[in-house]
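K.L.:
Here is my input, please return the structure:
(one chain, ligands or ions: 1)
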Amino acid sequence: MNSRQMNRYRTLLVNRMNESLNLGNEEGLKKIYDATEHLPDVSDFASLETLREVTYIITGKRKQSVREIQDALTRIEKGSFGRCEACGHQISEKRLLVYPATNLCIRCKKRREKEHNTAA
Ligand SMILES: [Zn+2]
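P.N.:
Okay, here's the model as predicted:
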């Protein structure tokens, strides 16, 4: 991968990072409430529970997403970005453009998903 491609992916990852971080702000929460119709009402204990749940979900997902992006940025710095961490093959550009934070090629990803489904 040349430096021009690396820069492209770095920009892509930084944009994704910003999107992920915005997910946890008040506007993001409001969107969720609008979609689920669980509008927060502080006098309602059930709503408070929902608020806690939604916040927890968003925070968890956001955390995971941000961590994956940070790992991918680290791989760019180390020069190992774009290589599958399971089999060592180059991850296709098509896949990287859709999932720039991925560390697995499509074959290994599918195999892991299959293993996971079997285990569950
Ligand atoms: Zn692989």
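K.L.:
By mean pLDDT, point me to the weakest helix or strand of the chain.
P.N.:
Counting by mean pLDDT, DSSP states H and E, the chain has its least confident helix or strand at helix 26-36, which shows a mean of 60.
K.L.:
Show me where the chain dips below the pLDDT cut-off.
P.N.:
Under the criterion pLDDT under 70, the flagged ranges of the chain are 21-58, 119-120.
K.L.:
Pull up the residues of it that are close to the ion.
P.N.:
Residues of the chain found near the ion (Cβ under 5 Å from the ion) are 84, 86-87, 105, 108. Where you see a C-beta, it was placed from the backbone N, CA and C, and this is true even at glycine.
K.L.:
can you put the residues you listed in TSV and add secondary structure and neighbour count?
P.N.:
Output for the residues of the chain next to the ion, formatted as TSV (DSSP: H, G, I helix; E, B strand; the rest coil; neighbours: other Cβ atoms under 10 Å):
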residue	secondary structure	neighbour count
Cys84	coil	19
Ala86	coil	14
Cys87	coil	12
Cys105	coil	22
Cys108	helix	18
